[in-house]
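*Asks:* Give the three-dimensional model of this entry:
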Amino acid sequence: MDLVDVLKDRKKGQEVTLEGWIRSNRSQKNFGFIDFYDGTSFETLQIVYDQDLENFDEISKYLIGSAVRVSGEIVESQGRQDIELKLKKIELIGECPGDYPLQAKGRPTREFLRDIAYLRPRTRLFQAVFKIRSLAASAIHEYFQSNNYVYVHTPLITTTDCEGSNQMFKITTFDMNDTPKDKDGNVDFSKDLFNKQTYITGSGQLHGEAFAMAFKKIYTFGPTFRTENSNTKTHANEFWMIEPEIAFCDLNGLMDIEEEMLKYVVKSVLDKANDEIVFLDKFVSNGLKEKLEKLVSSDFVRITHHDAIDILKKADIKFEFTPDYEGDIAKEHEKYITEYFNAPVFITNWPKDIKAWYMKVNEDGKTCAAVDLEVPGAGELMGGSQREIDMDVLNERIKECNVDASVIEWYLNLRKFGGCYHSGFGMGFERLIIYLTGVENIRDVIPFPRTPGNCLY
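*Replies:* You can find the predicted model right below:
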(Lines give C-alpha, C1' and ligand atoms only; values in the text may rest on other atoms or scores of the structure.)
Protein backbone atom coordinates (compact mmCIF):
# COMPACT_ATOMS: atom_id res chain seq x y z
CA MET A 1 0.00 0.00 0.00
CA ASP A 2 1.12 3.56 -0.71
CA LEU A 3 0.92 6.40 1.79
CA VAL A 4 -1.04 8.56 -0.66
CA ASP A 5 -3.88 6.00 -0.57
CA VAL A 6 -3.95 5.95 3.23
CA LEU A 7 -4.07 9.73 3.39
CA LYS A 8 -6.78 9.85 0.76
CA ASP A 9 -9.04 7.39 2.60
CA ARG A 10 -8.17 8.53 6.16
CA LYS A 11 -10.05 5.46 7.38
CA LYS A 12 -9.68 5.08 11.13
CA GLY A 13 -9.36 1.51 12.38
CA GLN A 14 -7.71 0.37 9.15
CA GLU A 15 -4.73 -1.98 9.46
CA VAL A 16 -1.97 -0.98 7.02
CA THR A 17 1.59 -1.88 6.09
CA LEU A 18 3.75 0.82 4.53
CA GLU A 19 7.32 1.02 3.28
CA GLY A 20 9.26 4.25 3.22
CA TRP A 21 11.77 6.39 5.08
CA ILE A 22 12.20 8.17 8.41
CA ARG A 23 12.23 11.97 8.15
CA SER A 24 12.59 12.41 11.91
CA ASN A 25 12.47 10.27 15.04
CA ARG A 26 11.70 11.91 18.39
CA SER A 27 11.93 9.44 21.25
CA GLN A 28 11.04 10.05 24.88
CA LYS A 29 11.12 7.85 27.95
CA ASN A 30 7.91 5.91 27.34
CA PHE A 31 6.95 6.71 23.72
CA GLY A 32 8.21 8.21 20.48
CA PHE A 33 7.16 9.76 17.17
CA ILE A 34 8.42 8.97 13.67
CA ASP A 35 7.72 11.35 10.81
CA PHE A 36 7.27 8.89 7.93
CA TYR A 37 7.14 9.42 4.16
CA ASP A 38 7.29 7.19 1.10
CA GLY A 39 7.39 9.73 -1.75
CA THR A 40 3.88 9.05 -3.04
CA SER A 41 2.47 11.98 -1.04
CA PHE A 42 3.88 15.36 -0.09
CA GLU A 43 2.11 14.97 3.23
CA THR A 44 3.83 12.79 5.83
CA LEU A 45 2.34 10.44 8.41
CA GLN A 46 3.10 10.48 12.13
CA ILE A 47 3.86 7.08 13.57
CA VAL A 48 3.45 6.67 17.32
CA TYR A 49 5.26 3.91 19.19
CA ASP A 50 5.42 3.16 22.90
CA GLN A 51 7.26 1.02 25.44
CA ASP A 52 4.77 -1.82 25.05
CA LEU A 53 6.73 -2.79 21.94
CA GLU A 54 9.43 -5.30 22.84
CA ASN A 55 12.00 -3.51 20.65
CA PHE A 56 11.11 -0.01 21.88
CA ASP A 57 14.74 0.86 22.73
CA GLU A 58 15.93 -0.28 19.31
CA ILE A 59 13.24 1.72 17.48
CA SER A 60 14.11 4.87 19.42
CA LYS A 61 17.63 4.68 17.96
CA TYR A 62 16.59 4.45 14.28
CA LEU A 63 18.20 7.39 12.52
CA ILE A 64 16.93 9.90 9.97
CA GLY A 65 17.01 8.55 6.41
CA SER A 66 16.58 4.90 7.38
CA ALA A 67 14.30 2.77 5.19
CA VAL A 68 11.61 0.92 7.14
CA ARG A 69 8.54 -1.26 6.80
CA VAL A 70 5.83 -0.36 9.31
CA SER A 71 2.57 -2.03 10.26
CA GLY A 72 -0.15 -0.73 12.51
CA GLU A 73 -3.59 0.80 12.90
CA ILE A 74 -4.78 4.16 11.59
CA VAL A 75 -6.18 6.04 14.61
CA GLU A 76 -7.32 9.53 15.48
CA SER A 77 -4.36 11.75 16.21
CA GLN A 78 -3.86 13.57 19.49
CA GLY A 79 -1.73 16.17 17.72
CA ARG A 80 -2.21 18.59 14.84
CA GLN A 81 -2.91 15.83 12.31
CA ASP A 82 -6.31 14.22 12.12
CA ILE A 83 -4.88 10.69 11.82
CA GLU A 84 -1.71 8.85 12.78
CA LEU A 85 -0.39 5.30 12.75
CA LYS A 86 -0.26 3.38 16.06
CA LEU A 87 2.76 1.18 15.45
CA LYS A 88 2.51 -2.57 15.98
CA LYS A 89 5.55 -3.73 14.05
CA ILE A 90 8.54 -2.12 12.36
CA GLU A 91 11.33 -3.65 10.28
CA LEU A 92 14.56 -1.84 9.46
CA ILE A 93 15.07 -2.35 5.71
CA GLY A 94 18.01 -0.03 5.16
CA GLU A 95 20.02 1.48 7.97
CA CYS A 96 21.21 5.11 7.63
CA PRO A 97 24.33 6.21 9.55
CA GLY A 98 24.76 9.32 11.65
CA ASP A 99 26.81 11.13 9.00
CA TYR A 100 23.79 11.32 6.68
CA PRO A 101 24.01 14.85 5.18
CA LEU A 102 20.29 15.64 5.51
CA GLN A 103 19.79 16.05 9.24
CA ALA A 104 16.69 17.57 10.83
CA LYS A 105 18.56 20.45 12.44
CA GLY A 106 19.07 23.45 10.17
CA ARG A 107 17.99 23.92 6.58
CA PRO A 108 20.72 23.09 4.02
CA THR A 109 21.35 25.68 1.30
CA ARG A 110 20.46 24.93 -2.29
CA GLU A 111 24.13 25.34 -3.21
CA PHE A 112 25.05 22.60 -0.72
CA LEU A 113 22.30 20.36 -2.04
CA ARG A 114 23.56 20.72 -5.62
CA ASP A 115 26.75 19.00 -4.50
CA ILE A 116 24.69 16.03 -3.29
CA ALA A 117 22.12 16.08 -6.05
CA TYR A 118 21.60 12.34 -5.66
CA LEU A 119 20.16 12.97 -2.17
CA ARG A 120 18.27 16.22 -2.63
CA PRO A 121 15.06 14.55 -3.93
CA ARG A 122 14.59 13.42 -0.31
CA THR A 123 14.15 17.00 0.93
CA ARG A 124 10.71 18.59 1.06
CA LEU A 125 11.77 21.41 -1.26
CA PHE A 126 12.86 19.11 -4.05
CA GLN A 127 10.02 16.67 -3.52
CA ALA A 128 7.72 19.62 -4.22
CA VAL A 129 9.72 20.81 -7.25
CA PHE A 130 10.05 17.44 -8.93
CA LYS A 131 6.46 16.40 -8.24
CA ILE A 132 5.34 19.60 -9.96
CA ARG A 133 7.75 18.88 -12.81
CA SER A 134 6.13 15.46 -13.24
CA LEU A 135 2.59 16.85 -13.13
CA ALA A 136 3.43 19.65 -15.58
CA ALA A 137 4.91 17.16 -18.05
CA SER A 138 1.78 15.03 -17.79
CA ALA A 139 -0.47 18.09 -18.33
CA ILE A 140 1.48 19.09 -21.43
CA HIS A 141 0.90 15.67 -22.98
CA GLU A 142 -2.75 15.74 -21.91
CA TYR A 143 -3.32 19.11 -23.57
CA PHE A 144 -1.82 18.17 -26.92
CA GLN A 145 -3.21 14.64 -27.00
CA SER A 146 -6.72 15.90 -26.24
CA ASN A 147 -6.43 18.43 -29.07
CA ASN A 148 -5.50 15.93 -31.80
CA TYR A 149 -1.74 16.53 -31.88
CA VAL A 150 0.68 13.75 -32.79
CA TYR A 151 3.66 13.32 -30.47
CA VAL A 152 6.81 13.09 -32.59
CA HIS A 153 10.20 11.82 -31.40
CA THR A 154 12.57 14.01 -33.40
CA PRO A 155 16.22 12.89 -33.63
CA LEU A 156 18.84 13.81 -31.04
CA ILE A 157 21.61 13.25 -33.59
CA THR A 158 21.39 15.59 -36.57
CA THR A 159 23.39 17.15 -39.40
CA THR A 160 21.75 20.52 -39.11
CA ASP A 161 19.90 22.67 -36.63
CA CYS A 162 17.83 25.81 -36.69
CA GLU A 163 19.95 27.35 -33.92
CA GLY A 164 23.24 27.12 -35.84
CA SER A 165 26.06 24.60 -35.50
CA ASN A 166 28.18 26.99 -33.40
CA GLN A 167 25.81 26.28 -30.47
CA MET A 168 25.71 22.51 -30.90
CA PHE A 169 27.78 19.71 -29.41
CA LYS A 170 29.78 17.81 -32.02
CA ILE A 171 29.66 14.01 -32.28
CA THR A 172 32.49 11.76 -33.34
CA THR A 173 33.77 8.22 -32.84
CA PHE A 174 37.36 9.27 -33.58
CA ASP A 175 40.21 8.89 -31.13
CA MET A 176 40.77 12.60 -30.46
CA ASN A 177 44.52 12.01 -30.18
CA ASP A 178 44.64 10.45 -33.63
CA THR A 179 42.00 11.90 -35.98
CA PRO A 180 42.23 11.17 -39.72
CA LYS A 181 42.96 14.20 -41.90
CA ASP A 182 42.06 15.03 -45.50
CA LYS A 183 44.49 16.39 -48.09
CA ASP A 184 44.03 19.92 -46.73
CA GLY A 185 44.88 18.86 -43.17
CA ASN A 186 41.30 19.11 -41.89
CA VAL A 187 39.56 16.36 -39.93
CA ASP A 188 38.22 13.85 -42.45
CA PHE A 189 34.68 13.22 -41.26
CA SER A 190 33.99 10.98 -44.26
CA LYS A 191 35.78 8.31 -42.23
CA ASP A 192 33.59 8.87 -39.17
CA LEU A 193 30.57 6.74 -38.21
CA PHE A 194 28.03 8.82 -40.18
CA ASN A 195 30.51 9.79 -42.93
CA LYS A 196 29.97 13.47 -42.15
CA GLN A 197 30.06 15.99 -39.31
CA THR A 198 27.11 15.43 -36.96
CA TYR A 199 25.76 17.18 -33.87
CA ILE A 200 23.54 16.68 -30.84
CA THR A 201 20.36 18.62 -31.50
CA GLY A 202 19.55 22.03 -30.09
CA SER A 203 15.95 21.92 -31.34
CA GLY A 204 13.50 19.49 -32.88
CA GLN A 205 11.73 22.21 -34.87
CA LEU A 206 12.93 21.53 -38.42
CA HIS A 207 12.14 17.82 -38.21
CA GLY A 208 8.86 18.67 -36.50
CA GLU A 209 7.84 20.81 -39.46
CA ALA A 210 8.22 17.78 -41.73
CA PHE A 211 5.67 15.86 -39.64
CA ALA A 212 3.31 18.85 -39.42
CA MET A 213 3.10 18.73 -43.21
CA ALA A 214 1.63 15.25 -42.84
CA PHE A 215 -0.29 15.25 -39.54
CA LYS A 216 -1.32 18.94 -39.41
CA LYS A 217 -0.66 19.27 -35.67
CA ILE A 218 2.36 17.78 -33.93
CA TYR A 219 4.49 18.42 -30.87
CA THR A 220 7.88 17.34 -29.65
CA PHE A 221 8.87 17.12 -25.99
CA GLY A 222 12.35 15.99 -25.19
CA PRO A 223 15.94 16.87 -24.30
CA THR A 224 17.95 19.42 -26.24
CA PHE A 225 21.55 20.51 -25.91
CA ARG A 226 23.42 23.81 -26.36
CA THR A 227 27.10 24.65 -25.90
CA GLU A 228 26.55 28.16 -24.52
CA ASN A 229 29.21 28.95 -21.91
CA SER A 230 26.67 30.81 -19.81
CA ASN A 231 26.41 30.74 -16.04
CA THR A 232 23.11 32.57 -15.62
CA LYS A 233 20.22 31.29 -13.52
CA THR A 234 18.21 30.46 -16.64
CA HIS A 235 20.74 28.64 -18.86
CA ALA A 236 21.85 25.02 -18.89
CA ASN A 237 23.65 22.90 -21.48
CA GLU A 238 21.08 20.12 -21.30
CA PHE A 239 17.41 20.97 -20.94
CA TRP A 240 13.97 19.94 -22.20
CA MET A 241 11.88 21.67 -24.84
CA ILE A 242 8.24 21.57 -25.90
CA GLU A 243 7.92 22.42 -29.60
CA PRO A 244 4.50 22.25 -31.28
CA GLU A 245 4.19 22.81 -35.03
CA ILE A 246 0.80 23.50 -36.61
CA ALA A 247 -0.09 23.52 -40.32
CA PHE A 248 -2.65 26.03 -41.64
CA CYS A 249 -1.98 28.28 -38.64
CA ASP A 250 -0.95 31.93 -38.72
CA LEU A 251 0.63 34.03 -35.97
CA ASN A 252 -2.68 34.96 -34.33
CA GLY A 253 -3.77 31.34 -34.25
CA LEU A 254 -0.42 30.42 -32.72
CA MET A 255 -0.89 32.90 -29.87
CA ASP A 256 -4.33 31.44 -29.19
CA ILE A 257 -2.73 28.01 -28.79
CA GLU A 258 0.10 29.27 -26.58
CA GLU A 259 -2.31 30.99 -24.22
CA GLU A 260 -4.71 28.06 -24.05
CA MET A 261 -1.94 25.53 -23.46
CA LEU A 262 -0.22 27.53 -20.72
CA LYS A 263 -3.46 28.14 -18.84
CA TYR A 264 -4.31 24.43 -19.09
CA VAL A 265 -0.96 23.35 -17.65
CA VAL A 266 -0.94 25.92 -14.84
CA LYS A 267 -4.52 25.08 -13.82
CA SER A 268 -3.73 21.36 -13.85
CA VAL A 269 -0.75 21.88 -11.52
CA LEU A 270 -2.83 24.08 -9.21
CA ASP A 271 -5.51 21.39 -9.05
CA LYS A 272 -3.19 18.44 -8.49
CA ALA A 273 -0.31 19.89 -6.45
CA ASN A 274 -2.03 22.10 -3.89
CA ASP A 275 0.12 20.89 -0.98
CA GLU A 276 3.32 21.50 -2.93
CA ILE A 277 2.21 24.94 -4.12
CA VAL A 278 1.23 25.99 -0.58
CA PHE A 279 4.63 24.83 0.72
CA LEU A 280 6.52 26.72 -2.00
CA ASP A 281 4.35 29.80 -1.48
CA LYS A 282 5.29 29.81 2.22
CA PHE A 283 8.98 28.92 2.06
CA VAL A 284 10.22 29.87 -1.42
CA SER A 285 8.13 32.50 -3.20
CA ASN A 286 5.45 34.39 -1.27
CA GLY A 287 2.45 35.05 -3.50
CA LEU A 288 3.20 32.10 -5.81
CA LYS A 289 -0.29 30.62 -5.65
CA GLU A 290 -1.94 33.98 -6.28
CA LYS A 291 0.39 34.61 -9.24
CA LEU A 292 -0.52 31.29 -10.86
CA GLU A 293 -4.23 31.68 -10.22
CA LYS A 294 -4.11 35.16 -11.72
CA LEU A 295 -2.44 33.88 -14.89
CA VAL A 296 -5.21 31.33 -15.42
CA SER A 297 -7.86 34.06 -15.23
CA SER A 298 -5.91 36.75 -17.15
CA ASP A 299 -6.53 37.99 -20.65
CA PHE A 300 -3.14 37.96 -22.37
CA VAL A 301 -2.14 41.26 -23.99
CA ARG A 302 -0.88 41.44 -27.60
CA ILE A 303 1.38 44.29 -28.75
CA THR A 304 4.01 44.77 -31.44
CA HIS A 305 7.70 45.11 -30.72
CA HIS A 306 7.52 48.71 -31.97
CA ASP A 307 4.71 49.54 -29.54
CA ALA A 308 6.60 47.86 -26.71
CA ILE A 309 9.63 50.06 -27.39
CA ASP A 310 7.33 53.11 -27.45
CA ILE A 311 6.11 52.22 -23.95
CA LEU A 312 9.65 51.65 -22.69
CA LYS A 313 10.92 54.94 -24.10
CA LYS A 314 8.08 56.82 -22.40
CA ALA A 315 8.71 55.10 -19.06
CA ASP A 316 9.45 57.37 -16.11
CA ILE A 317 12.39 55.22 -15.02
CA LYS A 318 15.94 54.96 -16.35
CA PHE A 319 16.87 51.56 -17.75
CA GLU A 320 20.37 50.12 -17.71
CA PHE A 321 19.93 49.18 -21.37
CA THR A 322 18.36 51.76 -23.68
CA PRO A 323 15.28 50.45 -25.53
CA ASP A 324 16.00 50.12 -29.26
CA TYR A 325 13.52 49.75 -32.13
CA GLU A 326 16.07 47.57 -33.95
CA GLY A 327 17.21 45.57 -30.93
CA ASP A 328 16.25 42.90 -28.47
CA ILE A 329 14.38 43.47 -25.20
CA ALA A 330 16.34 43.12 -21.96
CA LYS A 331 15.16 41.41 -18.77
CA GLU A 332 14.45 44.78 -17.17
CA HIS A 333 12.29 45.69 -20.17
CA GLU A 334 10.34 42.43 -19.95
CA LYS A 335 9.67 43.10 -16.27
CA TYR A 336 8.43 46.65 -16.95
CA ILE A 337 6.15 45.58 -19.80
CA THR A 338 4.41 42.85 -17.79
CA GLU A 339 4.03 45.19 -14.80
CA TYR A 340 2.74 47.96 -17.11
CA PHE A 341 -0.11 45.74 -18.32
CA ASN A 342 -0.31 43.67 -15.10
CA ALA A 343 -0.77 40.59 -17.29
CA PRO A 344 1.12 38.20 -19.59
CA VAL A 345 2.12 39.97 -22.82
CA PHE A 346 2.66 38.68 -26.35
CA ILE A 347 5.20 40.84 -28.20
CA THR A 348 4.96 40.39 -31.99
CA ASN A 349 6.57 41.55 -35.24
CA TRP A 350 10.21 41.69 -34.23
CA PRO A 351 13.06 43.15 -36.31
CA LYS A 352 13.95 40.34 -38.71
CA ASP A 353 17.69 40.94 -38.37
CA ILE A 354 17.70 39.76 -34.75
CA LYS A 355 15.53 36.71 -35.37
CA ALA A 356 16.07 33.33 -37.05
CA TRP A 357 16.22 32.77 -40.80
CA TYR A 358 13.13 30.53 -40.99
CA MET A 359 10.69 33.16 -39.64
CA LYS A 360 8.21 34.74 -42.06
CA VAL A 361 9.28 38.21 -43.21
CA ASN A 362 6.43 40.72 -42.99
CA GLU A 363 5.32 42.93 -45.88
CA ASP A 364 7.37 45.86 -44.56
CA GLY A 365 10.54 43.86 -45.27
CA LYS A 366 11.96 44.92 -41.89
CA THR A 367 10.07 42.84 -39.36
CA CYS A 368 9.13 39.19 -39.12
CA ALA A 369 6.06 37.34 -37.83
CA ALA A 370 7.71 36.30 -34.57
CA VAL A 371 6.22 36.32 -31.09
CA ASP A 372 7.61 36.12 -27.56
CA LEU A 373 5.40 35.56 -24.53
CA GLU A 374 6.44 37.53 -21.45
CA VAL A 375 4.91 36.53 -18.12
CA PRO A 376 4.94 38.47 -14.82
CA GLY A 377 7.75 37.41 -12.54
CA ALA A 378 9.63 35.33 -15.11
CA GLY A 379 10.02 37.25 -18.37
CA GLU A 380 10.16 35.34 -21.64
CA LEU A 381 8.52 31.93 -21.39
CA MET A 382 7.79 31.02 -25.03
CA GLY A 383 9.11 32.05 -28.42
CA GLY A 384 7.55 31.26 -31.76
CA SER A 385 6.79 32.42 -35.27
CA GLN A 386 4.93 31.87 -38.47
CA ARG A 387 7.37 30.07 -40.77
CA GLU A 388 8.57 31.52 -44.07
CA ILE A 389 7.15 29.66 -47.09
CA ASP A 390 8.10 32.05 -49.92
CA MET A 391 11.10 30.32 -51.50
CA ASP A 392 12.63 33.53 -52.85
CA VAL A 393 12.46 35.24 -49.47
CA LEU A 394 13.64 32.11 -47.67
CA ASN A 395 16.66 31.67 -49.91
CA GLU A 396 17.58 35.32 -49.39
CA ARG A 397 17.34 34.94 -45.62
CA ILE A 398 19.49 31.79 -45.76
CA LYS A 399 22.20 33.79 -47.53
CA GLU A 400 21.90 36.73 -45.11
CA CYS A 401 22.27 34.42 -42.12
CA ASN A 402 25.11 32.35 -43.65
CA VAL A 403 23.18 29.09 -43.42
CA ASP A 404 24.55 26.14 -45.40
CA ALA A 405 21.66 25.49 -47.80
CA SER A 406 23.09 22.12 -48.87
CA VAL A 407 22.33 20.50 -45.50
CA ILE A 408 18.73 21.74 -45.38
CA GLU A 409 17.68 20.89 -48.92
CA TRP A 410 15.18 18.40 -47.47
CA TYR A 411 13.69 21.20 -45.35
CA LEU A 412 13.31 23.49 -48.35
CA ASN A 413 11.55 20.69 -50.23
CA LEU A 414 8.76 20.88 -47.64
CA ARG A 415 7.77 24.15 -49.35
CA LYS A 416 8.10 22.59 -52.78
CA PHE A 417 5.97 19.51 -52.18
CA GLY A 418 2.54 20.70 -51.04
CA GLY A 419 3.70 23.25 -48.50
CA CYS A 420 1.29 25.52 -46.65
CA TYR A 421 1.42 28.36 -44.16
CA HIS A 422 2.27 27.07 -40.71
CA SER A 423 3.54 28.20 -37.32
CA GLY A 424 5.18 26.85 -34.20
CA PHE A 425 6.70 27.80 -30.89
CA GLY A 426 9.19 26.53 -28.38
CA MET A 427 8.99 26.56 -24.59
CA GLY A 428 11.88 25.63 -22.35
CA PHE A 429 10.40 23.16 -19.88
CA GLU A 430 12.71 24.21 -17.06
CA ARG A 431 11.70 27.85 -17.47
CA LEU A 432 8.11 26.73 -17.03
CA ILE A 433 9.05 24.86 -13.85
CA ILE A 434 10.86 27.95 -12.55
CA TYR A 435 7.64 29.87 -13.09
CA LEU A 436 5.45 27.19 -11.49
CA THR A 437 7.61 26.73 -8.39
CA GLY A 438 9.18 30.14 -7.77
CA VAL A 439 12.58 28.43 -7.57
CA GLU A 440 14.74 30.87 -9.52
CA ASN A 441 17.76 28.80 -10.58
CA ILE A 442 17.52 26.31 -13.44
CA ARG A 443 20.04 24.12 -11.58
CA ASP A 444 17.35 23.48 -8.98
CA VAL A 445 14.58 22.34 -11.31
CA ILE A 446 16.62 19.73 -13.22
CA PRO A 447 17.37 16.44 -11.43
CA PHE A 448 21.05 16.38 -12.42
CA PRO A 449 21.97 19.73 -14.03
CA ARG A 450 24.64 20.04 -16.73
CA THR A 451 26.08 23.55 -16.77
CA PRO A 452 29.53 24.97 -17.63
CA GLY A 453 32.09 23.37 -15.32
CA ASN A 454 29.50 21.03 -13.84
CA CYS A 455 28.74 17.49 -14.94
CA LEU A 456 28.50 15.53 -11.70
CA TYR A 457 27.17 11.98 -11.62
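*Asks:* Surely Gly20 touches Phe36?
*Replies:* Yes. The criterion here is C-beta atoms under 8 Å, and Gly20 meets it with Phe36 at 5.6 Å. In this view, the C-beta of every residue, glycine as well, is placed from N, C-alpha and C.
*Asks:* Looking at these two, which one has more neighbours?
*Replies:* Phe36 (24 against 20; other C-beta atoms under 10 Å).
*Asks:* Secondary structure element holding the more buried one?
*Replies:* Secondary structure assignment for Phe36, by DSSP states H and E: strand 31-37.
*Asks:* what's the following helix or strand after that strand?
*Replies:* Going down the chain from strand 31-37, the next helix or strand is strand 45-50, by DSSP H and E.
*Asks:* who's in contact with that following strand?
*Replies:* 3, 6-7, 18, 30-37, 56, 59, 70, 72, 77, 79, 81, 83-87, 90 (C-beta atoms under 8 Å, 6 or more residues apart in numbering).
*Asks:* try it again with 7 Å
*Replies:* Counting by C-beta atoms under 7 Å, 6 or more residues apart in numbering, strand 45-50 makes contact with 3, 6-7, 30-36, 56, 59, 70, 77, 79, 81, 84-87, all of which sit outside it.
*Asks:* now swap in stretch 121-133 and tell me
*Replies:* 42, 102, 113, 120, 269, 273, 276, 279-280, 433, 436-437, 439, 444-445, 447.
*Asks:* Tell me where the protein has helices.
*Replies:* Remark: helices assigned in the chain by DSSP state H are 3-9, 56-59, 110-114, 124-146, 205-215, 251-272, 274-283, 288-297, 305-313, 331-341, 391-400, 409-416, 429-437.
*Asks:* which of the contacts of stretch 121-133 tops the neighbour count?
*Replies:* Among these, the one with the most neighbours (other C-beta under 10 Å) is Thr437, at 29 neighbours.
*Asks:* shouldn't it be in contact with Leu280?
*Replies:* Yes. Because the distance of 5.4 Å satisfies C-beta atoms under 7 Å, Thr437 is recorded as touching Leu280.
*Asks:* Near the residue lying closest to Ser60 once chain neighbours are set aside, how many other residues are there?
*Replies:* In space, Ser60 comes closest to Ser27 once its chain neighbours are excluded; the distance is 3.5 Å by C-beta to C-beta, 6 or more residues apart in numbering. The number of residues packed near Ser27 is 16, by other C-beta under 10 Å.
*Asks:* again with His153
*Replies:* So His153, with other C-beta under 10 Å, has 11 neighbours.
*Asks:* dump the residue contacts of it.
*Replies:* Contacts of His153 by C-beta under 7 Å, 6+ apart are Gly222.
*Asks:* picking that back up, if we only consider the contacts of stretch 121-133, which is nearest to Ile408?
*Replies:* Ile433 (32.0 Å; C-beta to C-beta).
*Asks:* Quick check, that closest one in contact with Val445.
*Replies:* Yes. Because the distance of 4.1 Å satisfies C-beta under 7 Å, Ile433 is recorded as touching Val445.
*Asks:* circling back to that earlier point, now the two most distant members of the contacts of stretch 121-133.
*Replies:* Distance extremes for the contacts of stretch 121-133: the farthest pair is Leu102 and Val269 at 25.9 Å, using C-beta to C-beta.
*Asks:* where does the stretch 251-400 of the chain have low pLDDT?
*Replies:* Judged against pLDDT under 70, the stretch 251-400 of the chain has no low-scoring part.
*Asks:* switch to 90 and redo it
*Replies:* 376-379 (pLDDT under 90).
*Asks:* cool, the stretch 51-200 of the chain as well?
*Replies:* 78-81, 103-107, 159-167.
*Asks:* and if we set it to 80?
*Replies:* Scanning the stretch 51-200 of the chain with the threshold set as pLDDT under 80 gives 79-80, 104, 106, 160-166.
*Asks:* hang on, the earlier thing: and which of the contacts of stretch 121-133 is nearest Asp175?
*Replies:* Of those, the one sitting nearest to Asp175 (C-beta to C-beta) turns out to be Pro447, at 32.0 Å.
*Asks:* Show the contacting residues for that closest one.
*Replies:* Counted by C-beta under 7 Å, 6+ apart, Pro447 has contacts Phe130.
*Asks:* could you redo the last one with a cut-off of 10 Å?
*Replies:* Neighbour list for Pro447: 117-118, 120-121, 126, 129-130, 133, 457 [criterion: C-beta atoms under 10 Å, 6 or more residues apart in numbering].
*Asks:* In a markdown table, list those residues along with distance to Phe225.
*Replies:* Below are the contacts of Pro447 laid out as a markdown table (distance: C-beta to C-beta, whole Å):
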| residue | distance to Phe225 |
| --- | --- |
| Ala117 | 19 |
| Tyr118 | 22 |
| Arg120 | 23 |
| Pro121 | 23 |
| Phe126 | 23 |
| Val129 | 22 |
| Phe130 | 21 |
| Arg133 | 19 |
| Tyr457 | 17 |
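*Asks:* buried subset of the residues you listed?
*Replies:* Among those, those classed as buried by 16 or more other C-beta atoms under 10 Å are 117, 120, 126, 129-130, 133.
*Asks:* Put together TSV for those residues, with distance to Leu295 on each row.
*Replies:* TSV is the format used below for the buried ones among the contacts of Pro447 (distance: C-beta to C-beta, whole Å):
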residue	distance to Leu295
Ala117	30
Arg120	28
Phe126	24
Val129	19
Phe130	22
Arg133	18
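*Asks:* Quick check: Glu388 touching Leu414?
*Replies:* No. Judged on C-beta atoms under 10 Å, Glu388 makes no contact with Leu414 at a distance of 11.3 Å.
*Asks:* okay, these two: which has more neighbours?
*Replies:* Glu388 (24 against 20).
*Asks:* what's near enough to touch that one?
*Replies:* Glu388 sits next to 352, 356-361, 368-369, 394-398, 415, 421 when contact means C-beta under 10 Å, 6+ apart.
*Asks:* Now restrict the residues you listed to buried residues only.
*Replies:* In those, the ones that pass as buried (16+ other C-beta under 10 Å) are 352, 356-361, 368-369, 394, 397-398, 415, 421.
*Asks:* of all the residues you listed, which comes closest to Lys216?
*Replies:* Tyr421 (12.3 Å).
*Asks:* That closest one and Phe225: what is the separation?
*Replies:* Computed with C-beta to C-beta, to the nearest Å, the distance linking Tyr421 and Phe225 is 30 Å.
*Asks:* Perfect, I'm done here.
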